[in-house]
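**Student:** model this:
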Amino acid sequence: MAATPQKPAAATPRRKVSRHRGEGQWAAGHFTPLNGNEQFKKDDDGLNVRTRIETIYSKRGFDSIDPNDLRGRMRWWGLYTQRKPGIDGGKTAILEPEELDDKYFMLRVRIDGGRLTTEQLRVIGEISQEFARGTADITDRQNVQYHWIRIEDVPEIWDRLEAVGLSTTEACGDTPRVILGSPVAGIAADEIIDGTPAIEEINRRIIGNKDFSNLPRKFKSAISGSPLLDVAHEINDIAFVGVNHPEHGPGFDLWVGGGLSTNPKIGVRLGAWVPLDEVADVYEGVISIFRDYGYRRLRTRARLKFLVADWGTEKFRQVLEDEYLKRGLVDGPAPAQPVERWRDHVGVHRQNDGLFYVGFAPRVGRVDGATLTKIAELAEAHGSGRVRTTVEQKMIVLDVEETQVESLVEALEALDLTAKPSPFRRGTMACTGIEYCKLAIVETKARGSSLIDELERRIPDFDEPITININGCPNACARIQVADIGLKGQLVVNDQGEQVEGFQVHLGGALGLEAGFGRKVRGLKVTSDELPDYVERVLKRFQEEREDGERFATWAARASEEALS
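**Tutor:** The predicted structure is shown next:
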């Protein structure tokens, strides 16, 4: 008997197999470039572009620059194209890069630890006047930033800077950026430990070294032995914070994984105490982890903070010790709570040698070359020839004799550089904004300056520390999330239904051991024109409702939405 024919079995759907791309971690074998930035870095190290700038671009002009150099590798030498004038903020995210690019550059001078001699400051001022139309902003990372730089002038600028020991090396790009340091390192009477030797050793080993010139993204660093916690350590990729170990004495508490931008994270302690002579080793270990294990597939996840968040502190410390240091780290204490609310060193303070330092406040970091040259002259006439920049867009003159203090303060006041600022002048910062930045949506510097004037006029009796940070876009260069009042630039609709410049408001952010991000009240946005009225209203409510000794951030966390609107 014939067998009954069997119905053919239904074909099993073939499962689509896709190769797992991972996160682009070199240590996991993912070396294939996964985005345009990784490709141009693989094609040629960013540090190599200097030769082309010196031998080709500076001689043939802007139009000769290769696009991958123009919008990529030139950042390794501190150069960004600046925004073409006249383009409003509504077009920032719409236009192509070449439509936004002006034929001039921003150039960032790297000032590690904020340390300058008056000779260096004078050269910075002279370059500003000769090549940058007088521009020379002090940034909140202790650098000086020029605008209107022509590519033809860059080699000459480098020669002048390097002749006095300054550089623009890796001031931008996917590199180890400037190392923040206490601006009063080595002179502060209350200093726990001077981190200057560590900053110098890291510079010697790491900066300009091609072993570390291709990182997944930028790498921000801070080292301070000040009990004021004066370098915003909480929002850096790596930070060393001065502490006294009960057995081993002064050293540093190690923090990793901080950063702001559109996904802000407060750094975390690894619980490790690091002696001064091992700081550079630990720094090299952490930056190597970032290079080897950092996420390169998506630029939005390429900062160290994402790796730290995924691994956790225990695994991160174990990998650091086992794979890179080849030894264990000593457990150590956390830093103590600062006793002062201001951390900018503004005012007159006695040094550990009996001399004085004088900290003063430019308006939102905006100065110019002529003013910087005059500051150098004043510092030489009243001090020893040393000045400092701070992470709050301020400056300090060191080594002033007591008999010279009053004269220096008066001379600074004549330049509108006050050592006795109002809380508003002292606490307001602003990023570059739409004037020069291709990412910006709104104007910031002039807005911040006029806001200071308005608040001083309207609330002259306000005497509480207050930080007002103004940013031209969501990227948080001015640290909006950790300000008492953080203002994120965006386009908003006014009462007439028109789209105008304005801000989303963040309230109650803070740095320090109570670090946290500001609160966003639902739907709370203000136009630029309404900004003085809004800030005045909120600060007066704070004055009315605060409890004794209560900080603005604490009040903002408990206040009603109505009080904050």
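
**Student:** contacts, neighbours, all on C-alpha from now
**Tutor:** Will do.

**Student:** can I get stretch 212-222 in PDB, CA atoms only?
**Tutor:** Extracted in PDB, the C-alpha atoms of stretch 212-222 (Å, rounded to 0.1, in the frame of the first residue of the first chain):
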ATOM      1  CA  PHE A 212      45.600  60.200  24.500                       C
ATOM      2  CA  SER A 213      44.600  62.400  21.500                       C
ATOM      3  CA  ASN A 214      41.800  60.300  20.300                       C
ATOM      4  CA  LEU A 215      39.200  60.000  23.000                       C
ATOM      5  CA  PRO A 216      35.500  59.200  22.600                       C
ATOM      6  CA  ARG A 217      34.600  62.800  23.500                       C
ATOM      7  CA  LYS A 218      36.100  65.600  25.600                       C
ATOM      8  CA  PHE A 219      37.700  64.800  28.900                       C
ATOM      9  CA  LYS A 220      37.400  67.500  31.600                       C
ATOM     10  CA  SER A 221      39.600  67.500  34.700                       C
ATOM     11  CA  ALA A 222      39.900  69.400  38.000                       C
END
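
**Student:** list the residues that contact Cys477.
**Tutor:** By C-alpha atoms under 8 Å, 6 or more residues apart in numbering, Cys477 lies in contact with Ser261, Cys431, Asn471.

**Student:** neighbour-wise, which one of these leads?
**Tutor:** Neighbour counts for those, by other C-alpha atoms under 10 Å, peak at Asn471, which reaches 31 neighbours.

**Student:** what bridges to that residue?
**Tutor:** On the basis of DSSP bridges, Asn471 is bridged to Lys488.

**Student:** from what I see, it and Gly433 are in contact.
**Tutor:** Yes. Asn471 is within contact range of Gly433, at 6.9 Å (criterion: C-alpha atoms under 8 Å).

**Student:** and for those two, which residues touch both?
**Tutor:** With C-alpha under 8 Å, 6+ apart, Asn471 and Gly433 have common neighbours Thr444.

**Student:** now the contacts of Cys477 in JSON lines, with pLDDT and distance to Glu247?
**Tutor:** Compiled in JSON lines, these are given as follows (pLDDT from 0 to 100; distance: C-alpha to C-alpha, whole Å):
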{"residue": "Ser261", "pLDDT": "87", "distance to Glu247": "39"}
{"residue": "Cys431", "pLDDT": "97", "distance to Glu247": "43"}
{"residue": "Asn471", "pLDDT": "96", "distance to Glu247": "44"}
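
**Student:** which among those gets closest to Ala483?
**Tutor:** If you rank the contacts of Cys477 by distance to Ala483 using C-alpha to C-alpha, Asn471 comes first, at 11.1 Å.

**Student:** ok, that closest one - contacts?
**Tutor:** Counting by C-alpha under 8 Å, 6+ apart, Asn471 makes contact with Ala430, Cys431, Gly433, Thr444, Cys477, Ala478, Arg479, Ile480, Gly486, Leu487, Lys488, Gly489.

**Student:** now do the same for Glu340: its pLDDT.
**Tutor:** pLDDT, Glu340: 86.

**Student:** can you name the two of the contacts of Asn471 that sit furthest apart?
**Tutor:** Maximum pairwise distance among the contacts of Asn471 (C-alpha to C-alpha): 14.5 Å, between Gly433 and Gly486.

**Student:** who has more neighbours, those two?
**Tutor:** More crowded of Gly433 and Gly486, by other C-alpha under 10 Å: Gly486, with 30 against 26.

**Student:** next one: the more buried one relative to Asp88, how far apart?
**Tutor:** From Gly486 over to Asp88 the distance is 22 Å, taken as C-alpha to C-alpha, to the nearest Å.

**Student:** repeat that for Phe31.
**Tutor:** As judged by C-alpha to C-alpha, Phe31 and Asp88 stand 40 Å apart.

**Student:** so Leu215 is in which element?
**Tutor:** Assigned by DSSP states H and E, Leu215 belongs to no helix or strand.

**Student:** I should have written Pro155 there, sorry.
**Tutor:** Here Pro155 sits within helix 154-163, counting by DSSP H and E.

**Student:** with Val391 instead?
**Tutor:** Taking DSSP H and E as the definition, Val391 sits outside all helices and strands.

**Student:** quick one, what contacts the most centrally placed residue in the chain?
**Tutor:** By C-alpha atoms, centre = their mean, the chain has its centre lying nearest to Arg141, at 4.6 Å. When contacts are counted by C-alpha under 8 Å, 6+ apart, Arg141 touches Val178, Leu180, Thr390, Val391, Glu392, Gln393.

**Student:** look up phi and psi at the second one.
**Tutor:** For Leu180, the backbone dihedrals (degrees, to the nearest 10) come out as phi -70, psi 150.

**Student:** and it, what pLDDT?
**Tutor:** With respect to pLDDT, Leu180 has a value of 98.

**Student:** measure it to Arg299 for me?
**Tutor:** Leu180 sits 24 Å away from Arg299, going by C-alpha to C-alpha.

**Student:** of the two, which one has the most company?
**Tutor:** Under the criterion of other C-alpha under 10 Å, the comparison of Leu180 against Arg299 puts Leu180 first, with 30 against 15.

**Student:** please name the nearest non-neighbouring residue to the more buried one.
**Tutor:** Spatial nearest neighbour of Leu180, excluding adjacent residues (C-alpha to C-alpha, 6 or more residues apart in numbering): Ala222 at 4.4 Å.

**Student:** same deal with Glu201?
**Tutor:** Spatial nearest neighbour of Glu201, chain neighbours left out: Ala280 (6.3 Å); criterion: C-alpha to C-alpha, 6+ apart.

**Student:** show me the contacts for the one you found.
**Tutor:** Ala280 makes contact with Ala198, Ile199, Glu201, Ile202, according to C-alpha under 8 Å, 6+ apart.

**Student:** what helix or strand does the second one sit in?
**Tutor:** Read it as Ile199. helix 196-206.

**Student:** what residues sit buried inside the helix or strand immediately after that helix in the chain?
**Tutor:** Per DSSP H and E, the first helix or strand lying C-terminal to helix 196-206 is strand 219-224. Within strand 219-224, the residues that qualify as buried are Phe219, Lys220, Ser221, Ala222, Ile223, Ser224, counting by 16 or more other C-alpha atoms under 10 Å.

**Student:** could you do stretch 307-315 as well?
**Tutor:** Burial within stretch 307-315, assessed by neighbour count using 16+ other C-alpha under 10 Å, is assigned to Leu307, Val308, Thr313.

**Student:** and the last one, how close does it get to Trp273?
**Tutor:** The gap separating Thr313 from Trp273 is 14 Å, by C-alpha to C-alpha.

**Student:** I'd say the residue nearest to Leu180 and Ile179 touch.
**Tutor:** Yes. Between Ala222 and Ile179 there is a contact at 5.4 Å, judged by C-alpha under 8 Å.

**Student:** in which helix or strand would I find the residue nearest to the centre of the chain?
**Tutor:** Using DSSP H and E, Arg141 falls outside every helix and strand.

**Student:** check the one 5 residues further on too.
**Tutor:** Tyr146 belongs to strand 144-149 when elements are defined using DSSP H and E.

**Student:** cool, and Gly125?
**Tutor:** Using DSSP H and E, Gly125 falls in helix 118-131.

**Student:** paired strands for whichever helix or strand comes after that helix, with orientation please.
**Tutor:** Using DSSP H and E, the helix or strand that follows helix 118-131 in sequence is strand 137-138. Here strand 137-138 is paired, per DSSP bridges, with strand 144-149 (antiparallel).
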